[in-house]
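> I would like the atomic coordinates for the input below:
(chains A, B and C)
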Amino acid sequence: MCTCITDFLTYETTKSVVVKSWTIGIINRVVQLLIITYFVGWVFLNEKAYQVRDTAIESSVMTKVKGFGIYNNRVMDVADYVTPTQGASVFCIITKIITTDNQVQGHCPESEKRFTCTQDSNSEFCVYFLTSGHCSGILTGRCVSFNTTMKMCEIKGWCPAEIDTIKTTPMMEVENFTIFIKNSIRFPMFNYTKGNFLPTISSDYIKKCNFDMVNNTYCPIFKVGDVVRYAQQNFTKLADKGGIIGIKIGWLCDLDKSDDCNPSYSFTRLDAMSQKNAVSPGYNFRFAKYYKMENGTDYRTLVKAYAIRFDVLVNGNAGKFNMIPTLINMVAAFTSVGVGTVLCDIILLNFLKGAEQYKAKKFEEVKRTTFLLGPNLALYNPNPARSRKEKMTVKKT
Amino acid sequence: MCTCITDFLTYETTKSVVVKSWTIGIINRVVQLLIITYFVGWVFLNEKAYQVRDTAIESSVMTKVKGFGIYNNRVMDVADYVTPTQGASVFCIITKIITTDNQVQGHCPESEKRFTCTQDSNSEFCVYFLTSGHCSGILTGRCVSFNTTMKMCEIKGWCPAEIDTIKTTPMMEVENFTIFIKNSIRFPMFNYTKGNFLPTISSDYIKKCNFDMVNNTYCPIFKVGDVVRYAQQNFTKLADKGGIIGIKIGWLCDLDKSDDCNPSYSFTRLDAMSQKNAVSPGYNFRFAKYYKMENGTDYRTLVKAYAIRFDVLVNGNAGKFNMIPTLINMVAAFTSVGVGTVLCDIILLNFLKGAEQYKAKKFEEVKRTTFLLGPNLALYNPNPARSRKEKMTVKKT
Amino acid sequence: MCTCITDFLTYETTKSVVVKSWTIGIINRVVQLLIITYFVGWVFLNEKAYQVRDTAIESSVMTKVKGFGIYNNRVMDVADYVTPTQGASVFCIITKIITTDNQVQGHCPESEKRFTCTQDSNSEFCVYFLTSGHCSGILTGRCVSFNTTMKMCEIKGWCPAEIDTIKTTPMMEVENFTIFIKNSIRFPMFNYTKGNFLPTISSDYIKKCNFDMVNNTYCPIFKVGDVVRYAQQNFTKLADKGGIIGIKIGWLCDLDKSDDCNPSYSFTRLDAMSQKNAVSPGYNFRFAKYYKMENGTDYRTLVKAYAIRFDVLVNGNAGKFNMIPTLINMVAAFTSVGVGTVLCDIILLNFLKGAEQYKAKKFEEVKRTTFLLGPNLALYNPNPARSRKEKMTVKKT
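Take a look at the predicted model:
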């Protein structure tokens, strides 16, 4: 049994050939240096491989818009121009509206020019429209008087029909509205919580500041005009057609350093396609406010709203020193140093003077004949293991 | 110092045993071929390990529903049946509504059969309901006349109470409604922007097309009926109970090829559980429209809406050639070829003829005795390093 | 050509030195044991490296709140206090409201104390407010009578101005409201669908149960008070100021085991920053209900709502046995066992008795002189390959 343990408690390592040559020595050390530099500089310092990383950021966003605009001689406040009203991470600021007041269910002529018809027998023309383009109701197929001179296809639905081709100017005051963003994040792996109101910032500052990219990078109040400009958009165009702006908050936190966890804001136009493509440019939607007459009849005000939608997108990750990734990456680094030999061997075996000498030292050959004789040889060497040991000791003498 | 540099500028490589045997040679080469095939075929071609990958896709979705339905003799348009109205990535198309008109705050009998009571002393029965099932208000505990023949528990709240057990048919026109989806994506790492209106598609085409899986795979207009069918659902059932359908847009982009970045649409029912489980099947919600009487009293219309909710889910990633992952993976491939020796060694040392010969060549043994003598030996060899070198040169002669 | 194939079909393996020493043998085996333990225990059992993992969970959430509250002598039901009404994954339960009834467009004095002015010439003071703090409209610069004794800055906008400083108590019944959550998930890679109504749960149970952390961990009905308590918040404070609570549903599924795929619920306050920071604590928002007078004039009720927002966040991943990761990780495990030699070599070469003997066996040196002579030697050895073989065979004799 003792032999068995002795046999088990052996250590097997590779036999090495040491080449003392300046040329290959320099190449070898340079390659090793490159590998070490890669691991120290890139893997450890840049990628922070010694840290465990939490990418499952938990975030909550609360927004509040402030400002007053004047549209159609009416003062518009937050409750009028922001939708949805809950102050979540996605909200629209309405910049332009086309209202159709006092719509009731009934029959009436369409209001757009392309629905102009000449006579009632023109019914096929009036039905065709059912399948394409905007229409305010179900076409009945009849052709009715729109005014004293024109006839239009008749629709069944909410009447009168919407006229959405009229030109209106957007509410330019939107440019000066401010968006206040409250963002709390949490890294559950480290139970680390932080908000975008940094502790270094006083509450007086927050009440008055306006975000800019140079001096007020941590101010949580954004002027709409600034946001649009940072996203490289033209405010007038955007307000006219509508669009979607992304406000990105990035949190790249190194929790090994005490205060290296700050938000960084960036801005892009998310519906970038709208700029390139002529089909359905911009952003608009329809909604209605419902009213009731004394007699119980429903009527509504249809609103076609052009809006700038803001999407507050939060992403980030946090790293903190941890033993397991540190060990794994150090082992990887150490073993990778050996990878350099692959390159050096190629050089040494092929391009260097004395390559043959080197080959002779590096490679030891087991002849095929020996193998073919294999079992026979065993006859002459009844205990090959013993004879091997003898050979070895011979060499050592 | 020169010796020191000379000692440093050495190159150490493993000493190898070369076995010239067809059997093991074939095994060795086949294993190496398999490893190379794995790396070339799977890692490089399939997984595209030579690319750096951006998974942080930025996306914006804008939706617009079109179509007219007739429900309770009224024409319903987008403003009536879509909620929320903002045209974001999540929206509901209402298919069936149960309205309770002219509710005012007050006291009134419940309207469902299970609240039927016999007399006022039955108050315990009426209070019990507070804790389970749907109820239209706070039970007062009293039992009041519902009509001439029946008595019901009295509630305090919005009166009259809702009767949500009545059967109504869903608005079947929904099947023909169209959903228009505008999706812009951006890969911030490469600053690459694209939209689901491909440049190869004309605006005339977009106005008229309808998505299908065969001929119009890039048309951004979807018929509700098609979407439901692609999600393997029965429209009539879905419209009746309500449900949640996911429209997934996948962007798998290879930015090394100029135009290999196209959306692929797929459809699933997201609340799949609803089909299996009898508890609370489908999707419905309640909302109210508020009105005011001349005298200032509030009243409302309560709506219980059954709806199909559509969630537009965008995911994707983009890859582009980059030196760093290419190098790392090539090194990994080269060094992994060596892994084959582990397998070959096991075969060679155990299953092949002449294994003993091979063992004798591969393993050189350092006897334990030598080690035990260790320090003593040092006495006889005052400069072991020199004597080692001598031994080596002796071998070489 | 046969020679060529013979030359190709060789097998090259490293020559090894076997050290039979108890000390280094034990170190070697212990290091190997540690590495194997790491791979078996951590990589395979804990990290389940033999599985392929789907992290792209598809989820749909449907929520329904139940309960009646009494606020300002009115019974509030779901349609009154939940917003948005669609029953999606994010919803607010309004706990406190400040209503300003019957607002019409016009001119009127501000209502907050800080706007108190003394005379009309005080206009600069009145204009200054435009830029900071809450204001109900556009300041005209005039100073007008608020009541018989006080004068206030005049605004243009919705009149009368909101008084949001009045103290009101929140609707305490919210604590007993229940939130019903229906969550379906799907792992597209495995086409595996599950819901949070586990099959083991009867529909009777679901109708009556209430979630708790001990006995009813799978009940999908949550009391608001419990959720708030599990998130370690004080309900009264939270209801008073408003806040955002996250209900997290985690799905960690091992699809190799038949029923190891269950939801786990956890609760946190997401806007944790609100507690620490005095600036803009809590969560509130404003919205309006619009009405029309007989004569067509618009008027509205402005509501400032304090609410608890609930965000239902779903995450998770599923693993299933797959050949490719199993093979890759097994190969990694086998080859990593060899990494132990690096450590053992360091010990053996530096700290052990007989290190010199060991060095002599492990390292074989190729002298620099040999290399410098390189090409000359070739003259004496016209066929180095042959002579190498001879040398080898000599050694073997």
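> Let me see the ranges of the helices in chain A.
A:2-8, A:22-37, A:78-81, A:123-128, A:203-208, A:224-230, A:235-241, A:273-276, A:323-337, A:340-350, A:355-362, A:368-380, A:384-396 (DSSP state H).
> For the third one, report the contacting residues that lie outside it.
Looking back up the chat, that one is helix A:78-81. A:64-67, A:69, A:85, A:93-95, A:171, A:174, C:286-288, C:300, C:302 (Cβ atoms under 8 Å, 6 or more residues apart in numbering or on different chains). C-beta: built from backbone N, CA, C; applies to glycine.
> ok now that helix, how far from the chain's centre?
Distance of helix A:78-81 from its chain centroid, counting by Cα atoms, centre = their mean, to the nearest Å, is 30 Å.
> just to revisit the earlier point, let's have the helices of chain A in TSV, adding mean pLDDT and mean neighbour count.
TSV is the format used below for the helices of chain A (pLDDT from 0 to 100; neighbours: other Cβ atoms under 10 Å in any protein chain shown):
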stretch	mean pLDDT	mean neighbour count
helix A:2-8	78	9
helix A:22-37	87	16
helix A:78-81	93	22
helix A:123-128	68	15
helix A:203-208	82	12
helix A:224-230	95	19
helix A:235-241	93	19
helix A:273-276	73	20
helix A:323-337	86	15
helix A:340-350	78	17
helix A:355-362	80	20
helix A:368-380	40	14
helix A:384-396	35	14
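> Please name the nearest non-neighbouring residue to A:C117.
A:C143 (4.0 Å; Cβ to Cβ, 6 or more residues apart in numbering or on different chains).
> whoops, I mixed them up, A:V43
Nearest to A:V43 is A:A49, by Cβ to Cβ, 6+ apart, at 4.7 Å.
> number of nearby residues for that neighbour?
A:A49 has 19 neighbouring residues, counting by other Cβ atoms under 10 Å in any protein chain shown.
> From A:V279, how far out is the residue in the stretch 151-300 of chain A that chain B sits nearest to?
Here the stretch 151-300 of chain A gets closest to chain B at one residue, A:M273, 2.8 Å apart by Cβ to the nearest Cβ. As judged by Cβ to Cβ, to the nearest Å, A:M273 and A:V279 stand 10 Å apart.
> Now do the shared contacts for these two.
B:F197.
> circling back to that earlier point, what sits against the residue nearest to A:V43?
A:A49 neighbours (Cβ under 8 Å, 6+ apart): A:V43, A:P325, A:T326, A:N329.
> where's the last one relative to chain C, distance?
For A:N329, the distance to chain C equals 13 Å [Cβ to the nearest Cβ, to the nearest Å].
> Please name the nearest non-neighbouring residue to that residue.
A:A49 (4.2 Å).
> backbone phi and psi for A:E294, please?
With angles defined as degrees, to the nearest 10, A:E294 sits at phi -50, psi -40.
> Who are the contact partners of it?
By Cβ under 8 Å, 6+ apart, the neighbours of A:E294 are B:E294, C:E294.
> And the pLDDT at it?
A:E294 is assigned 86 on the pLDDT scale.
> Next: A:F321.
Predicted confidence (pLDDT) for A:F321: 94.
> Touching, it and A:Y50? I think so.
Yes - look at A:F321 against A:Y50 with Cβ atoms under 8 Å: they come within range, at 5.9 Å.
> who's more crowded, those two?
Just comparing A:F321 and A:Y50: by other Cβ under 10 Å the higher neighbour count belongs to A:Y50, 20 against 13.
> Spatially nearest residue to the spatially most central residue of chain A, not counting backbone neighbours?
Against the mean C-alpha coordinate of chain A, by Cα atoms, centre = their mean, the closest residue is A:N315 at 7.7 Å. The shortest distance from A:N315 to any non-neighbouring residue, by Cβ to Cβ, 6+ apart, is to A:G250 (6.0 Å).
> Can you report how many residues lie near that neighbour?
The burial count for A:G250: 14, using other Cβ under 10 Å.
> Please list all residues in contact with it.
A:P263, A:S264, A:Y265, A:S266, A:N315, A:G316.
> If it is in a bridge, with which residues?
Beta-bridge partners recorded for A:G250 (DSSP bridges): A:S264, A:N315.
> What segments of the stretch 151-300 of chain A are strands?
A:151-159, A:178-187, A:192-195, A:221-223, A:243-254, A:263-269, A:284-292, A:298-321 (DSSP state E, counting those that start in this stretch).
> As a markdown table, those strands with distance to B:P220 would be great.
Formatted as a markdown table, the strands of the stretch 151-300 of chain A follow (distance: least, Cβ to Cβ, whole Å):
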| stretch | distance to B:P220 |
| --- | --- |
| strand A:151-159 | 26 |
| strand A:178-187 | 30 |
| strand A:192-195 | 39 |
| strand A:221-223 | 32 |
| strand A:243-254 | 16 |
| strand A:263-269 | 19 |
| strand A:284-292 | 17 |
| strand A:298-321 | 18 |
